[in-house]
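>>> quick one, what's the 3D model for this:
(2 chains)
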Number of protein chains: 2
Amino acid sequence: MPVVVDAMGGDFAPQEIVKGAVAAATEFNLEVILVGDKGKIAECCIDTSSVTIQHASDVIGMNEHPAKAIRKKPDSSIAVAAKIAKETDGGSLVSAGHTGAVMAAAVFTFRRISGIERPAIACVMPSTGNDVIVLDVGANVDCKPSHLEHFGVMGAAYAKHVLEVENPRVGLLNIGEEAKKGNEQTLLTHKLLSESTLINFTGNVEPSGVFSGSADVIVADGFAGNILLKSTEAISNVLQGIIKKEITALSLAPEQLQGFFKSMARFSTKNPQYAGAPLLGVDGTCFIAHGGANAATIKHCIALADRFQKSNALEFMKSNIDR
Amino acid sequence: MPVVVDAMGGDFAPQEIVKGAVAAATEFNLEVILVGDKGKIAECCIDTSSVTIQHASDVIGMNEHPAKAIRKKPDSSIAVAAKIAKETDGGSLVSAGHTGAVMAAAVFTFRRISGIERPAIACVMPSTGNDVIVLDVGANVDCKPSHLEHFGVMGAAYAKHVLEVENPRVGLLNIGEEAKKGNEQTLLTHKLLSESTLINFTGNVEPSGVFSGSADVIVADGFAGNILLKSTEAISNVLQGIIKKEITALSLAPEQLQGFFKSMARFSTKNPQYAGAPLLGVDGTCFIAHGGANAATIKHCIALADRFQKSNALEFMKSNIDR
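Next up is the predicted model:
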């Protein structure tokens, strides 16, 4: 069950991708297949004897139309990696490339799970309690309430089998906790989710509830979910920048600051733990890493993909959406 | 031109409100009228000789229906304060009470500015550059593109005359900077704003752009704007909590930490500078303070209301919406 990694996707590809893939293969003893331009991978001057390299001559650029690019470039690293993942028994796909193109490749190759109309990109976020999973964070900007019910099923499968939450509470991202709060879309969705037998719906969740872990799974349309995610990243980056500057100005000994940085790390946007976003709803394993992913992020993302693949999340999702 | 303050609204009313009102009157030499239960105000044991007190026998609770409560309780502190503000030449209204009820009172009493369909609640936010104004942050959860064009006019008037930005750049909150990014609503809005002669539209702004000040005015529907605001507050509170705990653990001398806390203060949700939200689009001055407002926040909010009232923002708004 190899993890198939697109070596050419991401701001720091192929250097950081190759480095991360080799680290994952070595440290976690995983079977990793690196897909990309053999020459460029060789130029990284990294010992790749622990991984398998599969050549792909083409690359999909960040400004290309996702679905068209996948169709027009069957030899692109993303398309080839998806194909290999599909053809090897239980292979997973990992890419830090063009999000839309990775999604298109995964949907074309793995196909959607029967009964799920819209695969979603999920994001595991830290809270002051357990980690929470938020979806969709950008794949579907306009959603029907039924899509959000499916997101709940998909997220609950991940929470139960990867985050190890027994009976995941599913909450709806909203601007107030009361049932009557929200816009037309969230009001309709609240009604549907309240009546749903597919999920353990526990009500509306405000952004503060996300970070206090008042639900395990937070469903939202991809627009609202993306605003939540990006707002969090943005202000977190600003604050961490200020902190770093001011802490440096204090000229303290590194050992004095260990506790400080450890506490902050969980909420850092640079935390590799949160840098891999599962694409849920396709009949296979696909993780999308942040475009700015470095080797540590890629390494973690590969481990996460392997963990998801070996869990019962996918089977659980299929049987629950079928009920 | 008095600032008329609802003494009974907010989690810490009347104590903190009275204290803040007296501080504003004394420190800034402003005419302040406090409206509320005379007995309860007296129980605060604060010297109120610098302000005028007007009795109001009723109070609107946090769970009442906004418009109905204003109609049913003409003697409530919010309704009386709005009436006094309207009847005194150029009076401003300040309340930390039920947001919906304050809005309803302001709209009933001041009336909407001719041509503006939807008044909006605006929020001034810090950025790594100048402050930015975001609207709507919760008054209108479902909007038409034309409403967002008006929000642009309203926000630009505030930015020009209160934040002193010469030719305010108006941006649209979105999940990508490119014109073709977003959901159905933002795509339609982008088109309308691009063609607008009423505002200086400079394109889409992602949450990171809000905090880097890539526009001076950010327009959004009240749902997306509220998610942005609350996400920011939520993660900022979590991070500041961690920082405070860890910094305390370092046992540093207070003078060593002055720079640190000064840098953080600008982005603190407790910063009184950002605790007063103007209700824009009504023909008068109305500032809504955070429910958790303390005396310092109320004091600043009163000063902001006075500053807005004495500026040309309202006239500028009227003449621009009329064009």
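>>> so the residue nearest the centre of chain A: helix, strand or coil?
When chain A is reduced to its mean C-alpha position, the nearest residue by Cα atoms, centre = their mean turns out to be residue A:277, at 0.4 Å. Three-state assignment for residue A:277 (DSSP: H, G, I helix; E, B strand; the rest coil): strand.
>>> beta partners of it?
residue A:288 (DSSP bridges).
>>> show the pLDDT at it.
pLDDT, residue A:277: 95.
>>> pretty sure it is touching residue A:123, no?
Yes. At 5.1 Å, residue A:277 and residue A:123 qualify as touching, with contact defined as Cβ atoms under 8 Å. Quick note: C-beta positions are derived from backbone N, CA and C, even for glycine.
>>> any residues in contact with both of those two?
Contact with both residue A:277 and residue A:123 is made by residues residue A:137, according to Cβ atoms under 8 Å, 6 or more residues apart in numbering or on different chains.
>>> which SSE is residue A:246 in?
If you go by DSSP states H and E, residue A:246 is part of helix A:222-249.
>>> can you pull the buried residues of that helix?
Using 16 or more other Cβ atoms under 10 Å in any protein chain shown as the test for burial, helix A:222-249 gives A:222-240, A:242-243, A:246-247.
>>> after it, next one along is what?
Using DSSP H and E, the helix or strand that follows helix A:222-249 in sequence is helix A:258-265.
>>> establish whether that following helix and chain B are in contact.
Yes. Interface with chain B: helix A:258-265 contributes A:259, A:260, A:263, A:264 (Cβ under 8 Å from any Cβ of the partner chain).
>>> the third one and residue B:244, how far apart?
I take that to be residue A:263. Here the criterion is Cβ to Cβ, to the nearest Å. By it, residue A:263 lies 11 Å from residue B:244.
>>> likewise the first one?
Computed as Cβ to Cβ, the residue A:259 to residue B:244 distance reads 13 Å.
>>> and the second one, by the same measure?
Relative to residue B:244, residue A:260 is positioned 11 Å away (criterion: Cβ to Cβ).
>>> follow-up on the earlier one: for the residues of helix A:258-265 next to chain B, which one is nearest residue A:216?
Nearest to residue A:216 out of these is residue A:263 (Cβ to Cβ; 22.6 Å).
>>> and the helices in chain A?
Ranges of helices in chain A, per DSSP state H, are A:15-27, A:38-43, A:66-72, A:77-87, A:99-110, A:145-161, A:184-195, A:207-211, A:222-249, A:258-265, A:295-310, A:313-322.
>>> tabulate those (JSON lines), appending distance to residue A:201.
Output for the helices of chain A, formatted as JSON lines (distance: least, Cβ to Cβ, whole Å):
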{"stretch": "helix A:15-27", "distance to residue A:201": "36"}
{"stretch": "helix A:38-43", "distance to residue A:201": "47"}
{"stretch": "helix A:66-72", "distance to residue A:201": "32"}
{"stretch": "helix A:77-87", "distance to residue A:201": "33"}
{"stretch": "helix A:99-110", "distance to residue A:201": "26"}
{"stretch": "helix A:145-161", "distance to residue A:201": "7"}
{"stretch": "helix A:184-195", "distance to residue A:201": "4"}
{"stretch": "helix A:207-211", "distance to residue A:201": "14"}
{"stretch": "helix A:222-249", "distance to residue A:201": "17"}
{"stretch": "helix A:258-265", "distance to residue A:201": "32"}
{"stretch": "helix A:295-310", "distance to residue A:201": "24"}
{"stretch": "helix A:313-322", "distance to residue A:201": "13"}
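>>> worst mean pLDDT among these?
Confidence, taken as mean pLDDT, is least for helix A:258-265 of those (a mean of 78).
>>> returning to that earlier point: which among the residues of helix A:258-265 next to chain B count as buried?
Buried residues within the residues of helix A:258-265 next to chain B, counting neighbours by 16+ other Cβ under 10 Å: A:260, A:263, A:264.
>>> how near is the nearest residue to residue A:280 once chain neighbours are set aside to chain B?
Nearest residue to residue A:280, sequence neighbours excluded (Cβ to Cβ, 6 or more residues apart in numbering or on different chains): residue A:154, at 4.0 Å. Here residue A:154 is placed at a distance of 20 Å from chain B (Cβ to the nearest Cβ, to the nearest Å).
>>> how about the residues of the stretch 101-250 of chain A by chain B?
Residues of the stretch 101-250 of chain A that fall close to chain B, judged by Cβ under 8 Å from any Cβ: A:128, A:138, A:141-142, A:173, A:175, A:182-184, A:186, A:206-208, A:210-211, A:221-224, A:226-228, A:230-240, A:242-243, A:245-247, A:249-250.
>>> which ones are touching the residue nearest to residue A:280?
Contacts here follow Cβ under 8 Å, 6+ apart; on that basis residue A:154 touches A:116, A:120, A:122, A:135, A:280, A:281, A:317, A:321.
>>> turn these into CSV, columns for neighbour count and distance to residue B:302.
As requested, the contacts of residue A:154 are exported to CSV (neighbours: other Cβ atoms under 10 Å in any protein chain shown; distance: Cβ to Cβ, whole Å):
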residue, neighbour count, distance to residue B:302
A:116, 20, 54
A:120, 32, 46
A:122, 28, 45
A:135, 32, 44
A:280, 28, 50
A:281, 30, 52
A:317, 25, 55
A:321, 18, 55
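>>> pLDDT-wise, what's the bottom of these?
Checking pLDDT across these, the minimum falls on residue A:321 at 91.
>>> gap between stretch A:230-239 and the chain center?
The chain centroid and the centroid of stretch A:230-239 are separated by 18 Å, computed with Cα atoms, centre = their mean, to the nearest Å.
>>> got a list of contacts for that stretch?
By Cβ under 8 Å, 6+ apart, stretch A:230-239 touches A:125, A:207, A:267-269, B:128, B:175, B:206-208, B:210-211, B:227-228, B:231-232, B:234-236, B:239-240, B:264, B:267.
>>> can you do 7 Å?
A:267, A:269, B:128, B:175, B:206-208, B:210-211, B:228, B:231-232, B:235-236, B:239, B:267 (Cβ atoms under 7 Å, 6 or more residues apart in numbering or on different chains).
>>> from the residues you listed, which is closest to residue A:308?
Out of these, the member with the shortest distance to residue A:308 (by Cβ to Cβ) is residue A:269, at 21.6 Å.
>>> and that closest one, what pLDDT?
Listed pLDDT for residue A:269 reads 68.
>>> what distance do you get for residue A:61 to chain B?
With the distance defined as Cβ to the nearest Cβ, residue A:61 ends up 14 Å from chain B.
>>> how many other residues sit next to residue A:196?
17 (other Cβ atoms under 10 Å in any protein chain shown).
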